[in-house]
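A.B. asks: Kindly generate the corresponding structure for this input.
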Amino acid sequence: MSDHTSLERELGELLIESLNLEDIKLEDIDSEAALFNEGLGLDSIDALELGMLLSTKYGIKLRSDDPEITHIFSSLRALARHVESNQKT
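C.D. replies: Okay, the predicted model is just below:
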């Protein structure tokens, strides 16, 4: 498991809390592991909820037809990088 940056920790806790991942702790999430399918096992409904959370908390608008969406949601690290470079403060 890789070390989490502060934003990765924040996003990981947000994922766990908002998506009701009761059996998962932050320490269980590898920053480079897949969020969907074989990784955390998130699904398309989770992606919609996560998109709304990112919009509300960080001012980031994600579109399902964005060619980068698969990469953005590929791992906690990729998500954190996207948030860091696109958040509205």
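A.B. asks: what's the longest helix in the chain?
C.D. replies: helix 44-58 (DSSP state H).
A.B. asks: which residues are in contact with that one?
C.D. replies: Residues outside helix 44-58 that contact it (C-beta atoms under 8 Å, 6 or more residues apart in numbering): 14-15, 18-19, 36, 42, 60-62, 73, 83, 86-88. From N, CA and C alone the C-beta is placed, and that goes for glycine too.
A.B. asks: cutoff 7 Å now
C.D. replies: 14, 18-19, 60-62, 73, 83, 87-88 (C-beta atoms under 7 Å, 6 or more residues apart in numbering).
A.B. asks: So residue 8 sits against residue 78, correct?
C.D. replies: No - the pair residue 8 / residue 78 is not scored as a contact, 10.2 Å apart, by C-beta atoms under 7 Å.
A.B. asks: more crowded one of those two?
C.D. replies: More neighbours surround residue 8 than the other of residue 8 and residue 78, with 22 against 18 (other C-beta atoms under 10 Å).
A.B. asks: Apart from its chain neighbours, what residue comes closest to that one?
C.D. replies: Spatial nearest neighbour of residue 8, excluding adjacent residues (C-beta to C-beta, 6 or more residues apart in numbering): residue 80 at 4.6 Å.
A.B. asks: sorry, back to before: tell me the first helix or strand C-terminal of the longest helix of the chain.
C.D. replies: Remark: after helix 44-58, the chain's next helix or strand is helix 69-72, criterion DSSP states H and E.
A.B. asks: what mean pLDDT would you report for that following helix?
C.D. replies: Throughout helix 69-72, pLDDT has a mean value of 93.
A.B. asks: Thanks a lot, catch you later.
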